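[1] Need a 3D model of the following:
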Amino acid sequence: MLIDFPRTSTFLLQIQKPANPWEFYIATQLVERLDPSIHHLYIHFYSAHFFQNGSILVGELYNYGTLLVSVIRLHSGTSVSFLEC
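    As a prediction, this is how the structure comes out:
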C-alpha cells in the first residue's frame, strides 16, 4: 500500500501487542461522526494491519496525539477537554 502523505505532517506507526482493533475502529468513527473542524485535535489513521501477535496502525499525529493519550489527559485533568477547544 502506498500512501501520499503531506510533507508537513507528523506520522505515526503505532505498534500494538497483542493486536486490538478497538483504537482503529474508534478513530475511524470519530472521523465519520464529528465535525471536520475538530479533526485536527486527534489522530487520523490511514490504515491498520492486523496479525496474529500484534498490529500496526499508520496515521498522522495531531495536537492531542493518540486516542489513549487524549483520554488519559482528559481524565487526569492535565489537558483542555475537546468541548472547550
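[2] Which helix runs longest in this structure?
    Counting residues, the longest helix found in the chain (DSSP state H) is helix 22-33.
[3] name the helices or strands packed onto it?
    strand 44-50, strand 55-60, helix 67-76 (3 or more Cβ pairs under 8 Å, 6 or more residues apart in numbering; DSSP states H and E). C-beta: built from backbone N, CA, C; applies to glycine.
[4] Give me the helices and strands touching the shortest one, please.
    It stands for strand 55-60. Here strand 55-60 touches strand 11-16, helix 22-33, strand 44-50, going by 3+ Cβ pairs under 8 Å, 6+ apart.
[5] Within the sheet, what are the partner strands of that strand, with directions?
    Strand 55-60 pairs in its sheet with strand 11-16 (antiparallel), strand 44-50 (antiparallel), by DSSP bridges.
[6] Restrict the shortest one to CA atoms and write it as CSV.
    Right, the one you point to is strand 11-16. Output of strand 11-16 as CSV, limited to C-alpha atoms (Å, rounded to 0.1, in the frame of the first residue of the first chain):
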residue,chain,number,x,y,z
PHE,A,11,3.4,10.4,11.0
LEU,A,12,2.8,7.7,13.4
LEU,A,13,3.3,3.9,13.3
GLN,A,14,1.6,2.6,16.4
ILE,A,15,2.5,-1.0,17.3
GLN,A,16,0.1,-2.9,19.5
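[7] buried set for that strand?
    Buried positions in strand 11-16, judged by neighbour count with 16 or more other Cβ atoms under 10 Å: 12, 14, 16.
[8] the inter-axis angle of that strand versus helix 22-33?
    Per axes from the mean of the first three to the mean of the last three Cα atoms, to 10 degrees, the angle that strand 11-16 makes with helix 22-33 is 140 degrees.
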